[in-house]
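> Sequence isn't available, so here's the structure alone:
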């Protein structure tokens, strides 16, 4: 409960959650605002909204200086998170350490289909989504290490939506149900790695 200052805001009159520690940007969106502050902006897509194959799939990636998508990063590749993290590490390694970076990764492994994370599963379920989450978690170590080498890094980890797996008779995510609306959110700072 209560009003909590937001970490980022786009400048507008009347904001009640912009505080002294809020990074206020004079731009229509976060990507453009951070680019205006000297950040190199990178998008590594996953779901179809990032595939750049149609007008809709080009909107969000089009905001970034650098946007990547191919089927190996998408929902049907069982190694998608490994591929996304590897690409991110490669990109971070190619940039000067002093270059600020805004890195956005649309992790696709949790999205449907995720049955390929449980051997023999023929349908998506809570169990396959949990297995997909465990897979994602197992692949983030190298990315976090690359971020720590550049660090400190402010990280936001969240979901774009939840998925119903039979709750109250609902299945999927294009529907109105609390399991779809309620999504995890976490923010943290990865400190710089002081090891040589």
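Sure thing, it's come through. No experiment lies behind these values; they were computed from the predicted model shown.

> how long is stretch 98-116 from one end to the other?
40 Å (Cα to Cα, to the nearest Å).

> Please identify the buried residues of it?
Residues 101-112, 114-116 are the ones in stretch 98-116 that count as buried (16 or more other Cβ atoms under 10 Å). Placement of C-beta: from N, CA and C, glycine included.

> Stretch 149-168 too?
Neighbour-count burial for stretch 149-168 [16+ other Cβ under 10 Å]: 149, 150, 151, 153, 162, 163, 164, 165.

> Any idea how far apart the tips of that stretch sit?
Stretch 149-168 end-to-end distance (Cα to Cα) = 46 Å.

> Give me the contacts around it.
7, 92, 97, 101, 106, 110, 112, 124-126, 129, 147, 170-173, 175, 177, 179-193 (Cβ atoms under 8 Å, 6 or more residues apart in numbering).

> which ones among these are found in strands?
Counted as lying in strands by DSSP state E, out of these, are 101, 171, 172, 185, 186, 187, 188, 189, 190.

> residues touching the first one, list them.
Right, the one you point to is residue 101. 39, 40, 41, 42, 92, 95, 150.

> Quick one: buried ones out of those residues?
Applying 16+ other Cβ under 10 Å to these flags 39, 40, 41, 42, 92, 150 as buried.

> Out of the ones in strands among the contacts of stretch 149-168, which comes closest to residue 135?
Nearest to residue 135, judged by Cβ to Cβ, of these is residue 186 at 18.4 Å.

> Start from the N-terminal end of the protein and give the strands.
According to DSSP E, the strands that the chain contains are 8-10, 23-25, 40-44, 66-68, 101-105, 153-158, 164-165, 171-172, 185-190.

> just the buried residues of stretch 98-116 now: which is nearest residue 87?
Closest to residue 87, out of all of these and judged by Cβ to Cβ, is residue 105, at 8.9 Å.
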